[in-house]
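> Sequence and predicted structure are below.
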Amino acid sequence: MVIPYLCFMLIIGTGGMAKDIIGSLSGDPSRHDLKFYNDKDGNALFFNKYPVLQSHEEAKHLFETEDTSFVCAIANPLMRKRLAEQFKALGGQLKSYIFTEPKFISEFVKIGRGTVVQFNTIISSNTEVGEGVFFNCACIIGHDVTIGDYVSFGPGAKILGNVEIGDFSYIGTNAVIMPGVKVGQKVRVGVGKIVSEDLPDGTKFI
């Protein structure tokens, strides 16, 4: 079963991934009044429009008084996991955001919480996606694929059938993972690379 479209109150981060998400949300009348979180740069507004919380105390107050939902828009997979756990501990509930059209995702897919699916991504049947995964635009995920937690996919990445991808890995823009390949944890696959053999944990194939 696919997790339905969910709006969220708080977006953690104001970097590139947050900009991708806010671009997708532009003009969506169903979204909540958004707030962002960044305790580093000191800016009070994101794009001179959206409030930026700057402390855990502010985030906790938001969760207690307005809405507990958040999504973690941090590009680095390990940091994304760490921050997600921090904000869960403050009382937040990690939510998913699925922008691609429902017809592009098979009904026989499991998607973990905190996953972001951007424009025109296709996910085929009998695929399981972990927590906190980020699919940038126009990814293609084949059948019988298993994706671990906090994996990131660049635009146009293509994962063919019967592939396994471990936690915290990054698959670059327009990379192709061939059928039956096993990609370990914390693997980095570069832009446009074609992976036809298994990659052990920690491999950098760039």
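Sure thing, it's come through. Residues are numbered from 1 along each chain as shown.
> can you pull the contacts of the residue located most distally from the centre of the chain?
Largest separation from the mean C-alpha position in the chain: residue 65, at 26.2 Å (Cα atoms, centre = their mean). With contact set as Cβ atoms under 8 Å, 6 or more residues apart in numbering, residue 65 has no partners. Heads up, the C-betas are built off the backbone N, CA and C, glycines and all.
> Residues touching the longest helix seen in the chain, excluding its own?
As assigned by DSSP state H, the longest helix anywhere in the chain is helix 77-89. In this structure, residues lying in contact with helix 77-89 by Cβ under 8 Å, 6+ apart are 10, 12-13, 37, 56, 59, 70, 72, 74, 94, 114, 131-132, 134, 149-152, 167-170, 186.
> starting at the chain centroid, how far to that helix?
Helix 77-89 sits 12 Å away from the centroid of its parent chain (Cα atoms, centre = their mean, to the nearest Å).
> same check, this time on stretch 10-25
Worked out by Cα atoms, centre = their mean, stretch 10-25 lies 11 Å from the chain centre.
> Mind listing what's buried along that stretch?
Residues of stretch 10-25 classed as buried: 10-14, 17-18, 20-22, 24-25 (neighbour count, 16 or more other Cβ atoms under 10 Å).
> Those into CSV, with extra columns for pLDDT, distance to residue 206 and secondary structure?
Output for those, formatted as CSV (pLDDT from 0 to 100; distance: Cβ to Cβ, whole Å; DSSP: H, G, I helix; E, B strand; the rest coil):
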residue, pLDDT, distance to residue 206, secondary structure
10, 93, 33, strand
11, 94, 29, strand
12, 96, 27, strand
13, 95, 24, coil
14, 94, 27, coil
17, 92, 20, helix
18, 92, 25, helix
20, 89, 22, helix
21, 86, 26, helix
22, 85, 29, helix
24, 80, 28, helix
25, 74, 31, helix
